[in-house]
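Peer 1: take a look and give me a structure for this.
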Amino acid sequence: LTHHIPLGRPCTADGVFLAPGVPPTPLPPKSHNDWSPYHNDIEFATAEFVFKQRHMSNAAADTLFDLMAALLAKHNDSPPFTDHKDLHQVIDATQLGNVPWQGFSVQYTGERPENAPSWMDDEYDVWYRDPRLMAHNMLANPTYKKEIDYTPFHEYDAADDTRRWKDFMSGDWAWQQAASHSYIFIVHYLTSHQDEISKDPNTHGSAFMPIILGSDKTIVSVGTGNNEYYPLYASISNVHNNVWHAHRDTLVIIGFLAIPKMNRKDAKEDIFRNFRRQLFHRSLSAILASLKPGMTQYEVLRCGDNHFRCIIYGLGPYIADYEEQIVLSCMVKNWCPNRCLALQLNLDGGGIYRSRKHTDLMISELPGDTLWFEY
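Peer 2: Alright, predicted model coming up:
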């Protein structure tokens, strides 16, 4: 059972939908001698050998290029690269498959006490890669072109109409994001759905691409001892489960979040806790900013099957442990981070759904201490 409004329809590069059965737009021809941004195949092979295969240090790469320069000088020739800096500049200019790293710094700008703690003076560096471009690369990967869903669907057993769930796009959340107020009858099955994407006629025919995010602090010990990192991961929800299991470039690191350092006393202060949450949320907001325009206005992209499609982005699930769920949802520790307000000693007892209206009501009607210690 697929959506009543056709989604994920192939189109031209200008967004004009194709009739069923029309073959994809051919890829633009490329010369066999085009190694750009490398001048030739020798440059590319040298970069791959030094940087990817051997992981040479900067000093070792400089020595290699100096020896090559001395050897080639008698032939009035020069090595593929002058030094490691020249090599890195060309690698960074590579367009296919790689998305360059960017960075920004965050610093506390609120009120300061007389003896301000050190964390208020520190700058926190955040490094990231454009998640929109990373999603482009995953969508265009031809290795799983037959293992990807461009539209949500419901699957049922033909024998007894039993619902089946397997890949992400077979679930209810993706369907509800893309489906409209509709009534569909199939094999004695009648249902209605509240919808998002198809409310806008301009998005009809588009493919929905939810972005799955995840993060987890980790300690890496390589050469210099224990280093704490805070990687941010991303994937697209359209690929099948077996593609994720096979590690076929559908899960990528898109950022390294900042980890503010503090002593135990500062860690318990409300002002620091608020700053830590703000740092986390502002960093995510800045990193994901490039996706926002494409959440309401489609972007035409070439997919792995060579067809163009109109793509609408969405933010899907965020995979995190409980400590990160607290920061993500800005909730009180030991409360349920999900949708309900069940009591912590009776989580199976049920409770009303969490909502902004309910939170605002509690804040307006009850003192802060009562909410914190008694609610």
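Peer 1: list the contacts of residue 135.
Peer 2: 209, 211, 234, 236, 291, 313 (CB atoms under 8 Å, 6 or more residues apart in numbering). Where you see a C-beta, it was placed from the backbone N, CA and C, and this is true even at glycine.
Peer 1: low-confidence ranges in this protein?
Peer 2: In the predicted model, the chain carries pLDDT under 70 at residues 1-6, 95-97, 179-198, 219-227, 337-339, 344, 347, 375.
Peer 1: for it, which segments count as strands?
Peer 2: Along the chain, counting by DSSP state E, strands occupy 10-11, 101-107, 123-129, 155-156, 163-164, 183-185, 190-192, 207-215, 218-221, 226-229, 231-236, 252-256, 299-302, 308-319.
Peer 1: now tabulate those strands in TSV and tack on distance to residue 364 and mean neighbour count.
Peer 2: What follows is the strands of the chain, written out as TSV (distance: least, CB to CB, whole Å; neighbours: other CB atoms under 10 Å):
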stretch	distance to residue 364	mean neighbour count
strand 10-11	49	22
strand 101-107	31	13
strand 123-129	34	17
strand 155-156	46	14
strand 163-164	42	10
strand 183-185	40	11
strand 190-192	35	11
strand 207-215	32	23
strand 218-221	41	10
strand 226-229	40	10
strand 231-236	35	21
strand 252-256	37	20
strand 299-302	41	17
strand 308-319	29	19
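Peer 1: would you turn the ones you listed into JSON lines with distance to residue 53?
Peer 2: As requested, the strands of the chain are exported to JSON lines (distance: least, CB to CB, whole Å):
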{"stretch": "strand 10-11", "distance to residue 53": "39"}
{"stretch": "strand 101-107", "distance to residue 53": "21"}
{"stretch": "strand 123-129", "distance to residue 53": "23"}
{"stretch": "strand 155-156", "distance to residue 53": "44"}
{"stretch": "strand 163-164", "distance to residue 53": "44"}
{"stretch": "strand 183-185", "distance to residue 53": "54"}
{"stretch": "strand 190-192", "distance to residue 53": "55"}
{"stretch": "strand 207-215", "distance to residue 53": "30"}
{"stretch": "strand 218-221", "distance to residue 53": "22"}
{"stretch": "strand 226-229", "distance to residue 53": "25"}
{"stretch": "strand 231-236", "distance to residue 53": "24"}
{"stretch": "strand 252-256", "distance to residue 53": "21"}
{"stretch": "strand 299-302", "distance to residue 53": "30"}
{"stretch": "strand 308-319", "distance to residue 53": "32"}
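Peer 1: which one of those strands lies nearest to residue 246?
Peer 2: Checking the strands of the chain against residue 246 by CB to CB gives strand 231-236 as the closest, at 12.9 Å.
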